[in-house]
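[1] attaching a predicted model along with its sequence, questions to come.
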Amino acid sequence: MNRETATSIAKELQLLKAPNTDVMFHGLSMEPLLAEGDRVQVDPVEIKDIVIGDIITYRLDDKFPTRRVAEIKLDYLILCCDNWPTVYFHAPFTEVLGRVRARTRDGVTLNCDDPEWEKRKRLALRNFRLETSEILPVRMKEWVLKRLRNSK
């Protein structure tokens, strides 16, 4: 077994077995709530306990992305990124490793029940729904999205 495979397996075992596991977040997809270098607390979770708006970590090949639950289907989740509302992903229930309960940045911890976390959740889900909606006429959608971007 090569070092890369062993490292990937070790990370997955850490996420699966240890409650309240802190892992480093990488990427731009969940900004501003989660940013490159943040420490995120990932707790094991059962599928029945996941709700829309939760942030989950899941297995995707040899990576462990962290994204927001936008919709729950029969046997998979539709996930979105806070920073990219037009991009979404599918994750089978069998690939979910845990739910993010908190993030620590510069020594300050923000929990999932804090008002700022809730605000970011509502904004991300609203943006996702607007971007993926086929109901709104194009001009109305553009106007609403422009207003939302200007209100940040």
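    Here it is on my side, so go on.

[2] so who does Arg122 touch?
    Residues counted as contacts of Arg122 (CB atoms under 8 Å, 6 or more residues apart in numbering) are Gly53. Bear in mind the C-beta positions are built from the backbone N, C-alpha and C, glycine included.

[3] show me where pLDDT drops low in the protein?
    1-21, 134-141, 144, 151-152 (pLDDT under 70).

[4] which stretches in it count as strands?
    For the chain, strands defined by DSSP state E occupy the ranges 21-24, 39-43, 55-58, 66-72, 76-80, 88-92, 96-105, 108-111.

[5] which stretch among the ones you listed comes nearest Asp49?
    The closest of those to Asp49 is strand 96-105. By CB to CB, the value is 7.8 Å.

[6] neighbouring strands of the closest one in the sheet, and parallel or not?
    strand 39-43 (antiparallel), strand 55-58 (antiparallel), strand 108-111 (antiparallel) (DSSP bridges).

[7] most tightly packed of those?
    strand 55-58 (a mean of 24; mean count of other CB atoms under 10 Å).

[8] need the strands of the chain in a markdown table with distance to Lys121, can you?
    Listed next are the strands of the chain as a markdown table, based on distance: least, CB to CB, whole Å:
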| stretch | distance to Lys121 |
| --- | --- |
| strand 21-24 | 20 |
| strand 39-43 | 15 |
| strand 55-58 | 8 |
| strand 66-72 | 7 |
| strand 76-80 | 11 |
| strand 88-92 | 16 |
| strand 96-105 | 11 |
| strand 108-111 | 12 |
